[in-house]
Structure formats: structure tokens, C-alpha cells
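J.: Okay, structure incoming, though there's no sequence with it:
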């Protein structure tokens, strides 16, 4: 048995019930269940429709996300999440670079790295090198003035943890940011790269080994082994090329507002919904969300 889920942004246009009825009839689906009136609905299917991606293309024009997945084991026991442009709305290194006066150059490298056009480690060391001499105090300033949480993140982490799941934040960014974001959102653990500092200023380098694509997969492997759970019991979320390894290994890998080349390699794509989409995909109704 499979489940088709239709989602839209909480602030966006509502899902037309006629669209739901049309898809159910065309695909031989069962009764529809509205998880959030107007914004999230699901119905069972006997098989994955042959024209799933053609229909996905059409509903995207309506600003609606469509996901078809196995009904078995949807509710997960672990969340592993990227930070930059996933749990927060910015790329931390871009914000630091802007403060250092090299914003445009670093943003260009970041975009190419996240699109998979550049080696992640090489791109990271090049960008960090441009931050050399920046006062360490700028990190706190960026956190306070420039970093905003992605909508739905608090509900996602709180609801999954209330259901007994473990939440891991793993980033190719920096521990100075993941510590703060993890604390704000309630993650159990966070992993990232460490910016090196001497005499109160950034040296232009990071501690080795660098946490990149392979390290995110290793984090998934290590934590699931420690918890005694299967990788199929994990839901992962990210947006960049360095997230593809963990997205592919997790039971459910969600490309959230991802770069096109990244989304194209993932079966679960959320382009309009916020982070609460990950709860709806697991079958949570809006009234089941934990209070935050």
C-alpha cells in the first residue's frame, strides 16, 4: 500500500478539493484524510502511478507539492537535518562573508558548491580563507541580527521528540552556529565544522577533518547504530549536493526547497511547504503537533 500526500505552504493558496477528488479517481485511491484543512491531505493508493512525475509537474504550477511513498514505516524514530537553508533561512558563511566585505564572491562559491558544481571541501576552505582577520565577535552579531529560523522547524523537532524520536542537526557549516540553532530548536545533538580562532580573530581555516557529504552519512550511520535503530527509520532533510548521501541513505530523504540538480535526485521534494511538511509526510495531523 502507498500513500499520496498533497501539501502547500501554510500561507499559500489552499489545495482545491476538486484536485484531490480528480487524483483519487484517476489513480484508484481510497478516502482522503485532511491533515490540515486546505493545506495537507493524503489518501491511500494500491500502487505508484505510472504518471506520478507528469502529475507532479502539473500540480507544481498550482504551488502544490505531491509525494507518493510506501505506507509502511512512515512514522520515523530519528530526524537528521541540514542547517543552512534548511533549519535556518540563510547560509551562515555568506552572512559572515557579507560582514567581511567579500559577500558576493563567497555567495557565488556557495551557490556552485550547493549545486554540486564544486568539491565541497575545497569550496569551504576557499570561502573560510576569505574570512581571515574577521573578529570572532561578529559571529554573535550575525546570529542575533541576520539568522532566522525556517518556518515549521520548532514544530517538527518538538513533535518528533514528543513521539520518542532522536533529533540530530548536522551541518557543513560551523559549530558556532549549530550550537545556537540546535538549542533554540531542541535538537538532541549537533555536528559541524569548527572555525579556528587566534587572539579573537578568525584565522581563515577550519579544524580538520572537514565535515562534508561523507561525514553526514557517517553521522547517520553512527547515531542509528548507537540508538539501535535501522536507517529505514530515519527521515532526513536538506537542500544541497552535500546532503545527497544522507538523503539517499535515510528511509525518507526530503529535498526541501532544494537546488534543482539536487531535487532531481530525490523522490521526496518539498518546494512550497515549510518544515511541518515532514510531519504531514509521516501522517501527523495538525492537531497532533506538539505545542511550542
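T.: Received, thanks. Just so you know, these numbers come straight off a predicted model, no measurement behind them.
J.: remind me which residues of the stretch 1-150 of the chain are low pLDDT?
T.: Residues of the stretch 1-150 of the chain meeting the criterion pLDDT under 70: none.
J.: show me where it has strands.
T.: Using DSSP state E, counting those that start in this stretch, the strands of the stretch 1-150 of the chain run over 2-7, 33-36, 40-45, 65-70, 78-81.
J.: Of these, flag the one that's most buried.
T.: A comparison of the strands of the stretch 1-150 of the chain by mean neighbour count, using mean count of other CB atoms under 10 Å, puts strand 78-81 on top with a mean of 27. Quick note: C-beta positions are derived from backbone N, CA and C, even for glycine.
J.: list the helices and strands it packs on?
T.: If contacts are counted by 3 or more CB pairs under 8 Å, 6 or more residues apart in numbering; DSSP states H and E, strand 78-81 sits against helix 153-162, strand 166-174, helix 213-227, strand 234-238.
J.: Centroid-wise, who is the farthest residue in the chain?
T.: Distance from the centre of the chain peaks at residue 199, with 35.1 Å (CA atoms, centre = their mean).
J.: how close does that one sit to residue 183?
T.: Separation of residue 199 from residue 183 (CB to CB, to the nearest Å): 27 Å.
J.: hang on, residue 148 packs against residue 87?
T.: No: here residue 148 does not reach residue 87: they are 10.6 Å apart, not a contact under CB atoms under 8 Å.
J.: Residue 63: what's it in contact with?
T.: Going by CB atoms under 8 Å, 6 or more residues apart in numbering, residue 63 touches 8-9, 12-13, 272.
J.: now it, nearest residue through space, not along the chain?
T.: Nearest-residue entry for residue 63: residue 272, 5.0 Å, with adjacent residues in sequence omitted and distances by CB to CB, 6 or more residues apart in numbering.
J.: One more: residue 291?
T.: Nearest non-adjacent residue to residue 291 (CB to CB, 6+ apart): residue 158, at 7.6 Å.
J.: Contacts only, for residue 223.
T.: 78, 80, 166, 168, 189.
J.: how close does the last one get to residue 180?
T.: When you say that, I think you mean residue 189. Distance of residue 189 to residue 180, computed by CB to CB: 14 Å.
J.: Which of residue 148 and residue 87 has more residues huddled nearby?
T.: It is residue 87, of residue 148 and residue 87, that has more neighbours when counted by other CB atoms under 10 Å, with 27 against 8.
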